[in-house]
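Engineer: Quick one, what's the 3D model for this:
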Amino acid sequence: MRNTTLLCCLFLVLFSQGLFAQTPACPFPPPPGAEDCHATCIYCDLDGYMGTNNGTPSGSNTVCGLIVFQNDQWFGFMAGTTSIEVTVISTNCQNGDGIQIAFFENCDSSDAIVCNPGAAGFGNTVYPLAYDNFIIGKPYYLVVDGYGGDVCDFQILITEGAISSPQPNTPAQPVGPSIVCSGTQVEYQVPAVDNAGFYQWSAPPGSSINGMGASANIAAPEGSKVTITFGNVGGSVCVQAGNACNPISTSSCKTVTVQAIPPTILPPLVVCNQDLPFEWTEEPFQTLTNPGTYNLLSIPYQSFIGCDSFVRQTIVIKASISTLLDTIYLCQGDCFQLGGSQFCDPGTYSEVLTSYQGCDSIVTVTLVEIDPNGADILAPQGQTITCAKPSLPLQSLNLPGTVHLWKNAAGDTLGMGPSILVNAQGFYFHELESMIGGTNCTILDKILIKENTTLPPVTAMGGVLDASHPTVQLMGNSILSGMTYLWTGPGGFTSTLKKPIVSVPGFYTLTVTNPQTGCSNSITVEVTMMI
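Structural biologist: Residues are numbered from 1 along each chain as shown. Okay, the predicted model is just below:
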């Protein structure tokens, strides 16, 4: 192909800025195919076209991996259907090799959409070329080239589909802001219009469309959306749809006013004290550290439509809430519920709850356990009824705000004071009802009272006095150790010996006493005199 560097560069500049130089429709009668894609026009009726590819060789670009262009001719056309088949008939080929053909999406495509590469010796034959994904209303390009540089007469037939579409409908009203600021860049768009090959946009004076002037012709489908930079005045943003082979549609417009926007007022925000310090998310990012009400104003922002805009917001910072509950008195084994937690041991506890303001509230309570030993029964050491102690006192602490109840194992009430006197063995129960700080606790204690009134066993023997034996030894004993012994007899006789010696006849009594219980047992023996 011939050198088209300058044309290509110009086209790329325009395309990169969003503009499209619409390929014009061919005049009537249509001209021969162009030797350069950029020089062709749109053939609104290509069916039956006849020509010869005898142009100047354009170069050796390779497309589809098979075709090397040598003496190509280009034909622009507009897709009227999504599926199009073109059949090219070659005749009078100089070398007998025929032609090769291809579809291109645009003149700057690096490769063809689809190709029929032909073959050596296939001159004077029929060459079909079909494609199923055309966009209706968009321009495309057909190239006819001689195989191996062959020159042939050829005829183009449209054997399926159409290369011309109806006139596009009027676009819908552009979608975009109605109020903008001077210098704002705003996007406007319309739904795609059937059969549109391009969109013609216009904007108020002083505006630019896609960085260019106040009007622009932009190829479909990209042209359904544009970015407009507004000047100092408002007006109408209008769009028309067209294609190369039909008159352009009527305009659809939207009135746009250029003016400043009001400040943005954000909803009031409540901040809890535990969330301090609080940093406002709007510049200049003020930091608040104390409770109070703050009316904040941001620095000037450039809004989404390009104007200076301010943000206002009221920030209310709540003070922390701390609550100290009255002392709570617990019975043994009881717990106190505070928020979602249970506390069962004496002590001071704090729990973070949510207040009616939605902030943390710190609640503190002190728990005191009512003395679980308040019902303890105090009894004499040993807790045993003996001969020396036939009754025992049972007593408890006489605490204020308490009621006492004493019972035996049979459930009989024995007394309601802080103490009682018991004289029988068995279990005794003390029930103490304590009322402190509005808490009523019942505390129990029990005690086992034993009894030991067993008499110590005792044995004794007297004796016989005679001339040969003026004295006799009394024999006393108990099988228990640790006992005390007391002999009494005639004439005021007394002795603490187990086996005293006596010389007076008469009756002698031995009393054995258990010093631990005070229980005593006695036996009497006789000492006789033989004459």
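Engineer: pretty sure residue 63 contacts residue 112?
Structural biologist: Yes - judged on C-beta atoms under 8 Å, residue 63 makes contact with residue 112 at a distance of 4.3 Å. (C-beta placed from N, C-alpha, C; glycine too.)
Engineer: can you pull the contacts of residue 152?
Structural biologist: Contact criterion C-beta atoms under 8 Å, 6 or more residues apart in numbering gives 52-53, 90-94, 98-99, 123-124, 146 as the residues in contact with residue 152.
Engineer: Next: residue 493.
Structural biologist: Residue 493 makes contact with 487, 502, 504, 508, according to C-beta under 8 Å, 6+ apart.
Engineer: same question, residue 142
Structural biologist: Contacts were defined as C-beta under 8 Å, 6+ apart; by that measure residue 142 touches 46, 74-75, 77, 86, 101-104, 129, 156.
Engineer: In strands only, show me these.
Structural biologist: When strands are assigned by DSSP state E, the members of the contacts of residue 142 inside them are 74-75, 77, 86, 101-104, 129, 156.
Engineer: Let's see if you can find the most crowded of the contacts of residue 142.
Structural biologist: Going through those with other C-beta atoms under 10 Å as the criterion, the one with the most neighbours is residue 77, at 30 neighbours.
Engineer: quick one: least confident helix or strand in this protein?
Structural biologist: Across the helices and strands of the chain, mean pLDDT, DSSP states H and E gives its lowest value to helix 5-16, namely a mean of 33.
Engineer: which SSE is residue 295 in?
Structural biologist: Under the assignment given by DSSP states H and E, the secondary-structure element containing residue 295 is strand 292-297.
Engineer: where in the protein is pLDDT low?
Structural biologist: 1-22, 56-60, 261, 301-306, 356-357 (pLDDT under 70).
Engineer: hmm, 50 instead?
Structural biologist: Along the chain, the model assigns pLDDT under 50 to residues 1-20.
Engineer: domain assignment for it?
Structural biologist: Dividing the chain into domains by automatic domain parsing, as the record does, gives the ranges 5-160, 179-256, 264-317, 321-369, 384-452, 459-529.
Engineer: Select the longest strand from the protein.
Structural biologist: With DSSP E applied, the strand covering the greatest number of residues in the chain is identified as strand 439-452.
Engineer: For that one, buried residues please.
Structural biologist: In terms of neighbour count (16 or more other C-beta atoms under 10 Å), strand 439-452 has its buried residues at 441, 443, 445, 447, 449, 452.
Engineer: Next: stretch 24-34.
Structural biologist: Of the residues in stretch 24-34, those buried under the neighbour-count criterion (16+ other C-beta under 10 Å) are 25-26, 30, 33-34.
Engineer: same question, stretch 327-343
Structural biologist: Counting neighbours by 16+ other C-beta under 10 Å, the buried set in stretch 327-343 is 328-330, 336, 338, 343.
Engineer: Tabulate the buried residues of stretch 24-34 in CSV, adding columns for distance to residue 363 and secondary structure.
Structural biologist: Formatted as CSV, the entries for those read as follows, by distance: C-beta to C-beta, whole Å; DSSP: H, G, I helix; E, B strand; the rest coil:
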residue, distance to residue 363, secondary structure
25, 85, strand
26, 89, coil
30, 93, coil
33, 92, coil
34, 90, strand
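Engineer: Which single one of these is nearest to residue 521?
Structural biologist: The shortest separation between residue 521 and any of those is 149.9 Å, and it belongs to residue 25 (by C-beta to C-beta).
Engineer: so the closest one sits right up against residue 41, yeah?
Structural biologist: Yes - taking contact to mean C-beta under 8 Å, the distance of 6.3 Å between residue 25 and residue 41 places them in contact.
Engineer: which among the contacts of residue 152 gets closest to residue 395?
Structural biologist: Of all the contacts of residue 152, residue 395 sits closest to residue 99, with 130.9 Å by C-beta to C-beta.
Engineer: Okay, and the beta partners of that closest one?
Structural biologist: Assessed by DSSP bridges, residue 99 has beta-bridge partners residue 146.
Engineer: number of nearby residues for residue 503?
Structural biologist: Using other C-beta under 10 Å, residue 503 has 12 neighbouring residues.
Engineer: how close does the residue nearest to it when sequence neighbours are not counted sit to residue 502?
Structural biologist: In space, and not counting its chain neighbours, residue 503 is closest to residue 471: 4.6 Å by C-beta to C-beta, 6 or more residues apart in numbering. Using C-beta to C-beta, to the nearest Å, one gets 7 Å for the distance from residue 471 to residue 502.
Engineer: Looking at the two, which is more packed in?
Structural biologist: residue 502 (21 against 11).
Engineer: Might one say that that one is in contact with residue 476?
Structural biologist: No - at 11.8 Å, residue 502 and residue 476 do not qualify as touching, with contact defined as C-beta under 8 Å.
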